[in-house]
Structure formats: structure tokens, C-alpha cells
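Visitor: Sequence and predicted structure, then a few things I'm wondering about:
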Amino acid sequence: VEPAFSKDAVTEPIELTSYDFADGISRGAWFVKFYAPWCGHCKKLAPKWAAVAQKMNGKVSFAKVDATQYTDLKNKYEVGGFPSLVYFEDGGKILTYQG
């Protein structure tokens, strides 16, 4: 199955799912926001997340995961609060910040 996005650097956050997550973050640097749609802090962060993604201009790709829908990813990456920001390089988790 082909991912719904290019594997080139991403300049705006894309939505990843359980189906395309591993392939999506497999190459390069990725900053992923795990969020809950009802979370006030997540909603407040959303426009800033998009702005930082554009300012990085593809040096780091940005994504987001609805952790209430994709609980397998939430559990795998030990997301305990929202939002949680996880930095990956070439598919490996490097750093996590939990809000």
C-alpha cells in the first residue's frame, strides 16, 4: 500500500494512522504530535505546530496522530498525556515530551 503522502520532506503537519505510521517516519527526521480531539492544550498548539512546520521548511517533517483513534500507537510510544511530542530519526524514537 502506497502512503497518502510523499516521502520527501513535509512542510506542513500530516495526519498519520496505524496503517502508514511506520513507513511514514522511516526516513529522515520527524516530529510527531500525539493528540486527543477534545484536548484544549492540543487545540491551542495546532496553529503553532503548523507554523513551526512551515518555518522548518522540510528540515524536519511534522505529523500528528489522533491517539484516541490509534491507541496501538499511543501504547507503543507510551503516550500518557496530551499533547505528547515525539521526535524520531529514521524510524527510531529519540525524545518524548508529554504535556
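Guide: Cool, the structure landed. Treat the numbers as computed from the prediction; the structure is a model and nothing was measured.

Visitor: show me where this protein has strands.
Guide: 14-15, 29-35, 61-66, 84-89, 92-98 (DSSP state E).

Visitor: ok, of those, where does mean pLDDT dip lowest?
Guide: Among the strands of the chain, strand 92-98 carries the lowest mean pLDDT, at a mean of 85.

Visitor: could you check the angle strand 29-35 makes with that strand?
Guide: Following axes from the mean of the first three to the mean of the last three C-alpha atoms, to 10 degrees, one obtains 40 degrees for the angle between strand 92-98 and strand 29-35.

Visitor: Paired strands for strand 92-98, with orientation please.
Guide: strand 84-89 (antiparallel) (DSSP bridges).

Visitor: which residues sit against the strand it pairs with?
Guide: The contact list for strand 84-89 (C-beta atoms under 8 Å, 6 or more residues apart in numbering) reads 25, 28-34, 67, 77, 79, 93-99. Quick note: C-beta positions are derived from backbone N, CA and C, even for glycine.

Visitor: Just the angle for it relative to strand 61-66, thanks.
Guide: 140 degrees.

Visitor: Including mean neighbour count and distance to A46, could the strands of the chain go into CSV?
Guide: Supplementary listing: the strands of the chain in CSV, determined by neighbours: other C-beta atoms under 10 Å; distance: least, C-beta to C-beta, whole Å:
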stretch, mean neighbour count, distance to A46
strand 14-15, 16, 12
strand 29-35, 23, 8
strand 61-66, 22, 8
strand 84-89, 19, 13
strand 92-98, 12, 16
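
Visitor: Need those in CSV (columns: distance to A50).
Guide: What follows is those, written out as CSV (distance: least, C-beta to C-beta, whole Å):
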stretch, distance to A50
strand 14-15, 11
strand 29-35, 10
strand 61-66, 8
strand 84-89, 14
strand 92-98, 18
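
Visitor: Show me the one of those that comes nearest K43.
Guide: Smallest distance to K43 across these (C-beta to C-beta): 8.5 Å, for strand 29-35.
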